[in-house]
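Asker: Sequence unavailable; structure follows:
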């Protein structure tokens with residue numbers, strides 16, 4: 001092997017080593033953040049996702065999870081300033097995630113949930129503003145990913161809430177929740193870090209069908 005070839009081989013090996021190290025740091029960070037979230041430490045988890053998102057500016061998943069935690073921990077809050085602060089942060093991360101992965105059904109679900117937080121907080125003030133957007137997002141996501149269990153379940157829950165608000169029967173949407181259960185049973189995320197939540201919501205939502 002000539003000296004030039006040796007230098008080229010060394011450069012390639014260095015690049016590969018750097019990529020593997022970066023990947024290892026990313027995976028290690030995501031694993032730790034996921035564990036913090038599973039351990040009911042949302043504040044620590046979201047801080048780690050935020051740091052990963054800043055360091056890995058070409059990956060949508062850290063932004064997804066940072067937005068997701070801000071959104072789901074905003075439900076049932078009573079202080080409008082807390083809600084506003086959390087959802088502004090969530091929207092910022094969603095915007096970054098969407099820029100990296102446009103038309104991503106998983107991100108679309110979180111966007112719909114973000115609007116739903118405002119409707120849940122004050123339907124009289126925010127229902128007219130956001131209800132149409134939520135329905136549109138779910139319809140679009142369903143067309144793109146009809147077999148994604150989170151899309152099916154989240155849309156069904158939204159449709160149930162809308163039906164209940166207008167005094168209509170929610171039973172037609174119970175079949176959609178059952179279908180989501182079947183989809184969860186066979187769903188395989190693209191990686192260990194891709195979204196895989198929601199199955200625990202199925203039975204909770206189905207209780208509404210038994211009332």
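Answerer: Thanks, I have the structure now. Keep in mind that this is a model prediction, so the values were computed, not measured.

Asker: C-terminal to whichever strand or helix holds residue 142, what's the next element?
Answerer: Residue 142 belongs to helix 123-144 when assigned by DSSP states H and E. Reading on from helix 123-144 to the C-terminus, the next helix or strand found by DSSP H and E is helix 149-165.

Asker: Contacts for the helix or strand that that following helix is followed by, please.
Answerer: The first helix or strand that comes after helix 149-165 along the chain, using DSSP H and E, is helix 174-186. Identification of contacts with helix 174-186 by C-beta atoms under 8 Å, 6 or more residues apart in numbering yields 147-149, 152-153, 155-157, 159, 198-199, 202, 205-206, 209. Where you see a C-beta, it was placed from the backbone N, CA and C, and this is true even at glycine.

Asker: and what of stretch 193-202?
Answerer: Residues contacting stretch 193-202 (C-beta under 8 Å, 6+ apart): 27, 30, 34, 61, 64, 106, 149-150, 153-154, 157, 177, 180-181, 184, 187, 189.

Asker: Stretch 162-176 spans what distance, first to last residue?
Answerer: End-to-end distance of stretch 162-176 (C-alpha to C-alpha, to the nearest Å): 15 Å.

Asker: can you pull the buried residues of that stretch?
Answerer: 162, 170, 173-174, 176 (16 or more other C-beta atoms under 10 Å).

Asker: Equivalent analysis for stretch 73-90, please.
Answerer: For stretch 73-90, by 16+ other C-beta under 10 Å, it's 73-74, 77, 83, 86-87, 89-90.

Asker: Ignoring the adjacent residues along the chain, who's closest to residue 147?
Answerer: Among residues not flanking residue 147 along the chain, residue 183 sits closest, at 5.8 Å (C-beta to C-beta, 6 or more residues apart in numbering).

Asker: ugh, wrong one, I meant residue 148
Answerer: Spatial nearest neighbour of residue 148, excluding adjacent residues (C-beta to C-beta, 6+ apart): residue 105 at 5.4 Å.

Asker: How many neighbouring residues does that neighbour have?
Answerer: Residues near residue 105, counting by other C-beta atoms under 10 Å, number 21.

Asker: shaky segments in this structure?
Answerer: 1-23, 211 (pLDDT under 70).

Asker: any idea how far residue 177 is from residue 160?
Answerer: With distances taken as C-beta to C-beta, to the nearest Å, residue 160 is found 8 Å from residue 177.

Asker: okay, and the common contacts of the two?
Answerer: What both residue 160 and residue 177 touch, as defined by C-beta under 8 Å, 6+ apart, is the set residue 205.

Asker: picking that back up, what about the helix holding residue 142, distance to the chain center?
Answerer: Put simply, helix 123-144 sits 16 Å off its chain's centre (C-alpha atoms, centre = their mean, to the nearest Å).

Asker: Would you mind pulling the contact partners of it?
Answerer: By C-beta under 8 Å, 6+ apart, the list of residues contacting helix 123-144 reads 103, 105, 108-109, 111-112, 115-116, 118-119, 148, 151-152, 154-155, 158, 162, 165.

Asker: Tell me the buried residues within these.
Answerer: Buried among these (16+ other C-beta under 10 Å): 105, 108-109, 111-112, 115-116, 118-119, 148, 151-152, 154-155, 158, 162.

Asker: thinking residue 65 is in contact with residue 42, fair?
Answerer: No - Residue 65 lies out of contact with residue 42 (C-beta atoms under 8 Å); the separation is 10.5 Å.

Asker: That's all I had, so thanks and see you.
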